[in-house]
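Chemist: Generate a structure from the sequence data that follows.
(chains A and B)
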Amino acid sequence: MPSIVRKRATLFALLVWIGTVLPSCGTEPDNGYLRLALETEPTTADPVGSVDYSSGLVSSLVHANLVRFTPGGELVSDLATGWDISDDKKEYTFHLGAARFACGRPVTAEDVLYSFRRLLDPVRVSPRWWVLEDIEGAPAFHAGNAVDGLGISNQDDSTVVIRLSRPSAHFLSLLAMPAAGIVCRHDAEERGDEYGIQPCGSGPWSIGEWKEGDELILVRNPQLRSGRQALEGISIRIIPESMTRIAEFEVGNLDILEIPRSELDLWRSAGAPLLSAEELRVVYIGLNNSRPPFDDPMVRRALNMAVDVEAIIVHVLFGAAVEARGSVPTALRRSPPPGELYTYDPDRARELLAEAGYGEGLEIEIWQRENPEGGRVLESVQAYLADVGVRARLVTREWGAFKQAVDQGTPDAFFLDWFADYPDAENFLAPLFHSRNRGGGGNRTGYSNQEVDSVIDAAALVSSAEERWELYRRAEEIVYSDAPWIFLWFPVRYEIVSPRLDGYRIPVIFNGQRFLDVEI
Amino acid sequence: MLRFLFKRLLLLVPILFGVVTVTFLLMYVIPGDPVLTLVGERYDDETLERMRSELGLDKPLPVQYLNYLGRLARFDLGESFVTKRPVSDAITERFPRTLALAFSAMLLALVGGVAIGLLAGWGRFRWLGRATMVFSLIGVSIPVFWLGLLLIYLFAIKLSILPPSGYGGGSIKYLILPAVTLSFASMATVARITRSGVVEAVGEDYVRTARAKGLGEMFVLGKHVLRNALVPVITIVGADFGSYLSGSVLTESIFGWPGLGRFIVQGILKRDFPVIQGSILFMAIVFVLVNLLVDVSYGIIDPRIRVKEKSG
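Modeler: Numbers count the residues shown, from 1 in each chain, chains lettered A, B, ... in the order given. Next comes the predicted model:
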């Protein structure tokens, strides 16, 4: 090749390289920005599509609801400055304050109606439509029938009336979920599917820039009353690997870091000032209650006694969990958990198995999703079970395949957890143990006990928190004794924040922290 | 040459048809229901069925396949099940980033590998030859994941001269660590192959003649030795370029690089059929075109290949 051609080819290659490497320069958030990282990118910021954690988080930072949770988990007013509940506990009248969407339009009762109808839309089905299913006529509306029968109406521009089909003590909590965020009707209709990346809410933040796969920059909602937030904005970077997130924190590029459990000892021994909080999450091994051998409560109890949960917490989880002696996390309890029924006792476990007719031993499969920590946990469980004559084969599947098998009742047992959607004992007991929710509803073991069903149903009708808790406590006690699971633990979350940050606390429920009191 | 190009481009059609069909069928063979990953932890069967019908997954397989082919014929890769946004938009946005990473890695592997291989094969420094072999062994056996974290620890945390991760709006300093990580194994292979090519060429008569003519050592190395040692190197780098593109998944994850690799992995984990099918089809086209380019470049580097073609 002549040298001039070669030189040109080299120059061309160099230009291609520079052209691909140096596109436009991004805007770096300045000092008033809080810098966070998420493992996965939000799939949408649209309330009706927010199913995963990241999407729910961003959607609830951008959208306000009628009511919301504080970082401490209390339910307080948000767009609704007040509300009245009728004597029959079925009618809620919300009075809206003078708020505006980020686009400048006022938030009206019409927007609330539109947002709720949108969540119940029979055509574009939202996986979260069940959040409003207690509203009168909601299931029929969602099914595409009885369009006029929906129990939501507006008395005037600032008053919304919601009528329920039955009293529901946790209804207000449902309204604080990300899915019940109020969208700007005008923008939602105009943007269609694009609304997910260009949302317009009346929450404290609005989306400044969304660099797909890289970073999401939230800026102050310009319409929010001044003085409500100290931060200029929030930068949320997408960093899939935990070790990389740690490196970013160490070099000072992140303000809040969740410490992976495997790294806890290192940080503790370095004397780092860690924040910690028990999560609203329960980890368990579900036992398939609908067929042998786990249709026999005796076998299920035996397995609970065969596993030394405390030892696993200490040695595998580095102490970052609280043993589950029930199914409702500590933060939601008003009295201690059911008790010491299943302290580690392999001898008693063997006796129970023998009584149930499995003296010769038993072979089962325990399914898990791909997850290194789960693997270590289940290997310990496997060893404990082998000690009492239960040979457990571990089957690992990736999430989609695992979920399909579990929801179809394929495995004998499965390792899973349950996150709270809202901080209420109901959100653990009803989905996980009510027979109405068997399968995809959350009760994946197929557990069924009429007494538990009726106590849970009764609790939903009671408005006194004390009385409700009494009923939930009873339901939990029966469930604990029936042992549909091997009860494992409630994880404890550890975080570290940069010294420049003030006023941050780990929220009780993930959408409770809206960073209004956080300062730099 | 034109005939050759035309023939190769024509071959693209059956290859891509095969890719389309196999990826489509694979989606339905592997376990895991896309709708189940979309609905979250709590759902009822009716919602499941309605979402399935909304996505067109309730239709018989042949109908779905024909619909898919119909869309492709209109150059429509469809919309992501999860984000509802066009797959082609995401590819357009992310592919240049993966390309930038792959291209930089290739350049590094080529320049670094050839330089090391040349020095090692030259024969002036025997220890360098041995060191290259050790480097090559380490290079091909070191796990990408570990190397990436090691580089982050060294250059970002300890020396504070490079950012640990991110895209930085395209700034070069964000590209260096992922590019080095991605190029490492290939650089080691290139060094090794260059070295053996150089060792062989250095002993040839024409090199002795060139030296005897009194040509400078650098000129002999650059003009006579390197050129002959380069053909196998191009083969390796060319073949590797495809794997840079597809194999950048791990590197992209470690360094939070928002490229196409991570997009595909997310798609696979969520069973987002249009994302998987669209991205794989796109990657297949790129892969085939790169291979074609490599074949063409042989002729440019080694005139003998052109001669053979002509005489054949």
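
Chemist: ok now do A:Pro122, which residues does it touch?
Modeler: A:141-144 (C-beta atoms under 8 Å, 6 or more residues apart in numbering or on different chains). (C-beta placed from N, C-alpha, C; glycine too.)

Chemist: Now do the same for it: its pLDDT.
Modeler: pLDDT for A:Pro122: 88.

Chemist: Pretty sure it sits in a strand.
Modeler: No. A:Pro122 is assigned coil when assessed by DSSP: H, G, I helix; E, B strand; the rest coil, not a strand.

Chemist: re the thing from before, quick one, which of the contacts of A:Pro122 are buried?
Modeler: Applying 16 or more other C-beta atoms under 10 Å in any protein chain shown to these, the neighbour count classes A:141-142 as buried.

Chemist: which of the contacts of A:Pro122 lies closest to chain B?
Modeler: Lowest distance from chain B to the contacts of A:Pro122 (C-beta to the nearest C-beta) belongs to A:Ala143, with 7.6 Å.

Chemist: Quick check: phi and psi at that closest one.
Modeler: For A:Ala143, the backbone dihedrals are phi -80, psi 0 (criterion: degrees, to the nearest 10).

Chemist: For the stretch 1-150 of chain A, which segments count as helices?
Modeler: Using DSSP state H, counting those that start in this stretch, the helices of the stretch 1-150 of chain A run over A:3-21, A:53-62, A:109-119, A:138-142.

Chemist: In the stretch 151-300 of chain B, what residue comes closest to chain A?
Modeler: Across the stretch 151-300 of chain B, no residue is closer to chain A than B:Gly169, which sits at 2.5 Å (C-beta to the nearest C-beta).

Chemist: Distance of that residue relative to A:Leu231?
Modeler: According to C-beta to C-beta, to the nearest Å, B:Gly169 and A:Leu231 sit 22 Å apart.

Chemist: Those two: who's more crowded?
Modeler: Shown here are B:Gly169 and A:Leu231; by other C-beta atoms under 10 Å in any protein chain shown, A:Leu231 has more neighbours (20 against 16).

Chemist: separation between the more buried one and A:Val219?
Modeler: According to C-beta to C-beta, A:Leu231 and A:Val219 sit 10 Å apart.

Chemist: cool, and A:His315?
Modeler: 46 Å.

Chemist: A:Trp130 too?
Modeler: 33 Å.

Chemist: neighbour count winner among the two?
Modeler: A:Trp130 (23 against 18).

Chemist: State the distance from that one to chain B.
Modeler: Distance, A:Trp130 to chain B, by C-beta to the nearest C-beta, to the nearest Å: 7 Å.

Chemist: likewise A:Tyr195?
Modeler: On the measure of C-beta to the nearest C-beta, A:Tyr195 and chain B end up 10 Å apart.

Chemist: Is that residue in contact with A:Val183, as I believe?
Modeler: Yes. In this structure, A:Tyr195 is within contact of A:Val183 by C-beta atoms under 8 Å, at 7.2 Å.

Chemist: Could you restrict the contacts of A:Pro122 to the ones contacting chain B?
Modeler: Among these, proximity to chain B is found for A:Ala143 (C-beta under 8 Å from any C-beta of the partner chain).

Chemist: from the contacts of A:Pro122, which is closest to A:Ser173?
Modeler: A:His142 (20.2 Å; C-beta to C-beta).

Chemist: Need the phi and psi values for the residue nearest to the closest one when sequence neighbours are not counted.
Modeler: With C-beta to C-beta, 6 or more residues apart in numbering or on different chains as the criterion, A:His142 has its nearest non-adjacent residue at 4.8 Å, and that residue is A:Leu120. Here is the backbone geometry of A:Leu120 (degrees, to the nearest 10): phi -90, psi 10.

Chemist: Tell me how many other residues crowd A:Leu120.
Modeler: Residues lying near A:Leu120 (other C-beta under 10 Å) number 24.

Chemist: B:Arg94 now?
Modeler: Using other C-beta under 10 Å: B:Arg94 sits among 23 other residues.

Chemist: looking at it, it is touching B:Phe263, isn't it?
Modeler: Yes. Here B:Arg94 reaches B:Phe263: they are 5.3 Å apart, a contact under C-beta under 8 Å.

Chemist: hey, what's in contact with both of those two?
Modeler: Overlap of the contact sets of B:Arg94 and B:Phe263 (by C-beta under 8 Å, 6+ apart) consists of A:Gly213.

Chemist: residues contacting A:Asp417?
Modeler: Shown in contact with A:Asp417 (C-beta under 8 Å, 6+ apart): A:281-284, A:491.

Chemist: Then B:Ser248?
Modeler: B:98, B:101-102, B:105, B:178, B:182, B:257, B:259, B:261.

Chemist: out of the residues you listed, which touch chain A?
Modeler: When contact is defined as C-beta under 8 Å from any C-beta, the contacts of B:Ser248 meet chain A at B:Gly259.

Chemist: Can you tell me which of the contacts of B:Ser248 lies closest to A:Val388?
Modeler: B:Gly261 (45.8 Å).

Chemist: and the next element down the chain from the helix or strand encompassing the closest one?
Modeler: Taking DSSP states H and E as the criterion, B:Gly261 maps to helix B:260-269. Per DSSP H and E, the first helix or strand lying C-terminal to helix B:260-269 is helix B:273-301.
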